[in-house]
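Asks: Quick one: sequence plus predicted model below, questions after.
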Amino acid sequence: MSMIAFLGSGNMATAFAEGLLAKNAAPQSDLRCFSASGKSAAVLAEKTGILQARSLVELLAGADTLVVAFKPQHLATADPALANLTEGKLVLSVLAGKKISSLRHVFPRARNIVRTMPNTPGQIGAGITGWCVTAPLSATDRATVETILGALGKAVEVAEPQMDAVTGVSGSGPAYVFEFAAALRDAGVAAGLAPETAQTLAVETLLGAARLLARKNIEPETLRNQVTSPNGTTFAGLQRMAARDFRGVIRETVLAAKARSEELSKDS
Ligand SMILES: NC(=O)c1ccc[n+]([C@@H]2O[C@H](COP(=O)([O-])OP(=O)(O)OC[C@H]3O[C@@H](n4cnc5c(N)ncnc54)[C@H](OP(=O)(O)O)[C@@H]3O)[C@@H](O)[C@H]2O)c1
């Protein structure tokens, strides 16, 4: 694959660079990074052995793809030189809520712009990223996008208007799962377990159930039914979840996150 430049060198850029190197999807010599103060870029370069560019010109010279990985608010003050420096290049943005039309103002001559919404398990290669384009993507660029996003885990393409729903489900989703883990742990303590024991049981149950679900690749309801004997213990528990409309709570949770995402990206 050809050279990939990271604009911004924080958590996300680090996850991409480490993932690409770990999967041997790119050699160190094909990656370079840059950050505003140079601090995080120095840390990333030191950690991974990739080049720290000292200027945007150096960052983009010879690069085929630019991964934009600073904070969404940095877009408004991005260096105007980026317009020419990204001419003919593929731009992949991870900026939450920034629409392709706004990215186009900063990168007007890019050959294509890809908007993505990764999630935090991407840090360990177990992420799921929703992504979109609004202009046709060449087969080569699609392969590049798949390789870059593959560094974080899995990826699914959606239409741009669905990015707020993606944010509500998988972008914010890890936090719902962490909250569920905490609730299961606290419930274990309420049921009489020591906190550490309850935490271990909760975490391993989540992990094991998620792995089983992924391995079997069937509807979650099917696996749920397999552990639910009529009038048994699980049945008793599930009845309480239904009585308190657990699914309704999750639906409201996702719709609230989606609505907030729409609000935040309204003019951007
Ligand atoms: N973390 C996630 O799971 C996740 C999920 C979805 C989307 N995102 C998106 O990922 C993006 C990055 O998040 P993060 O957690 O990686 O942030 P972060 O760790 O705070 O890193 C931000 C980086 O941006 C650099 N920077 C700031 N202003 C810049 C400028 N004008 N030009 C170049 N670099 C600049 C900073 O450099 P210095 O500090 O060295 O100056 C730093 O390297 C955000 O836009 C967020 O919406 C993150």
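Replies: Received it, and whenever you're ready, just let me know what you need.
Asks: Which strand or helix spans the residue nearest to V43 when sequence neighbours are not counted?
Replies: Spatial nearest neighbour of V43, chain neighbours left out: S9 (7.3 Å); criterion: Cβ to Cβ, 6 or more residues apart in numbering. C-beta coordinates here come from the backbone N, C-alpha and C atoms, glycine included. Under DSSP states H and E, no helix or strand contains S9.
Asks: right, and S9 touches V67 too?
Replies: No: with contacts counted by Cβ atoms under 8 Å, S9 stays clear of V67, the gap being 10.3 Å.
Asks: who are the neighbours of the helix or strand where L223 lies, in terms of helices and strands?
Replies: Assignment of secondary structure by DSSP H and E places L223 within helix 220-226. Using 3 or more Cβ pairs under 8 Å, 6 or more residues apart in numbering; DSSP states H and E, the elements in contact with helix 220-226 are helix 195-216.
Asks: Just give the closest residue to the residue in the stretch 1-150 of the chain positioned nearest to the ligand, not the sequence neighbours.
Replies: For the stretch 1-150 of the chain, the residue positioned closest to the ligand under Cβ to the nearest ligand atom is G10, at a distance of 1.9 Å. Leaving out its chain neighbours, the residue that sits closest to G10 by Cβ to Cβ, 6+ apart is S40, at 5.2 Å.
Asks: where does that neighbour fall, phi/psi-wise?
Replies: Reported as degrees, to the nearest 10, the phi and psi values for S40 are phi -70, psi -30.
Asks: Against Q28, how distant is it?
Replies: As judged by Cβ to Cβ, to the nearest Å, S40 and Q28 stand 18 Å apart.
Asks: E160 now?
Replies: For E160, the distance to Q28 - Cβ to Cβ - is 33 Å.
Asks: S35 too?
Replies: Between S35 and Q28 the computed distance is 18 Å (Cβ to Cβ).
Asks: Look at these two and report which has more neighbours.
Replies: A count of neighbours by other Cβ atoms under 10 Å puts S35 above the other of S35 and Q28, at 23 against 14.
Asks: In contact with that one, which residues?
Replies: When contacts are counted by Cβ atoms under 8 Å, 6 or more residues apart in numbering, S35 touches G8, S9, G10, A41, L44, F70.
Asks: Give me every residue in the stretch 1-150 of the chain lying close to the ligand.
Replies: Contact residues (Cβ under 6 Å from any ligand atom) of the stretch 1-150 of the chain with the ligand: 7-12, 35-37, 39-41, 69-72, 74, 78, 94-96, 117-120.
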